[in-house]
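Q: dropping a prediction and its sequence here:
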Amino acid sequence: MAWLLVVVAGLLETGFAVCLKLSHGFTRLWPTVAFAAFALASFGLLTLSLKKLDVGPAYAVWTGIGAAGTAIYGMVFLDDLVSTLKIISISLVIIGVIGLQLSGSSQH
């Protein structure tokens with residue numbers, strides 16, 4: 001269950017990163033509100049997961065999901081540059097996230 005919280009928190013991190021861009025420096029109300037909601041939810045779930053998981057792997061999975069998700073979202077919906085190197089790099093991040101999750105974490 002703790003890993004599920006990390007995964008959802010990572011997806012919410014993607015949401016807050018995208019909303020941060022859409023807020024245009026916090027000058028647009030609704031993207032700013034959405035950024036705050038996604039950020040609070042993401043950090044909240046990560047905090048809950050850290051009661052059971054080691055901080056290193058959990059944090060790495062959280063940031064990896066957020067980084068990969070944000071990059072993919074940007075390429076698909078925000079006209080960010082798509083390149084072979086970027087796709088390979090995102091794939092490596094995802095492989096690393098899976099490896100960290102499979103490596104296990106002591107559950108206290």
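A: All right, it came through fine.
Q: least confident secondary structure element in the chain?
A: helix 84-102 (a mean of 92; mean pLDDT, DSSP states H and E).
Q: and the residue nearest in space to the middle of the chain, what element?
A: Computing the C-alpha centroid of the chain and ranking residues by CA atoms, centre = their mean puts Gly66 first, at 1.8 Å. When elements are assigned from DSSP states H and E, Gly66 belongs to helix 55-77.
Q: flag the shaky bits of the protein, pLDDT-wise.
A: For the chain, the stretches flagged by pLDDT under 70 are 104-108.
Q: hmm, try it at 90
A: 97-108 (pLDDT under 90).
Q: any idea how far Leu11 is from Ser42?
A: 8 Å (CB to CB, to the nearest Å). In this view, the C-beta of every residue, glycine as well, is placed from N, C-alpha and C.
Q: which residues are in contact with both of those two?
A: Gly66 (CB atoms under 8 Å, 6 or more residues apart in numbering).
Q: so these two - more neighbours on which side?
A: Ser42 (22 against 17; other CB atoms under 10 Å).
Q: SS state for that one?
A: Classification of Ser42 using DSSP: H, G, I helix; E, B strand; the rest coil returns helix.
Q: what do you get for His24?
A: Applying three-state DSSP: His24 is coil.
Q: what's it sitting at in phi/psi?
A: Dihedral angles phi and psi of His24 (degrees, to the nearest 10) take the values phi 50, psi 60.
Q: just give the number of residues close to the residue nearest to it when sequence neighbours are not counted.
A: Spatial nearest neighbour of His24, chain neighbours left out: Pro31 (7.6 Å); criterion: CB to CB, 6 or more residues apart in numbering. Close neighbours of Pro31, defined as other CB under 10 Å, add up to 17.
Q: please apply the same query to Val55.
A: 11.
Q: give the contact list for Ala9.
A: Ala9 neighbours (CB under 8 Å, 6+ apart): 41-46, 49, 62.
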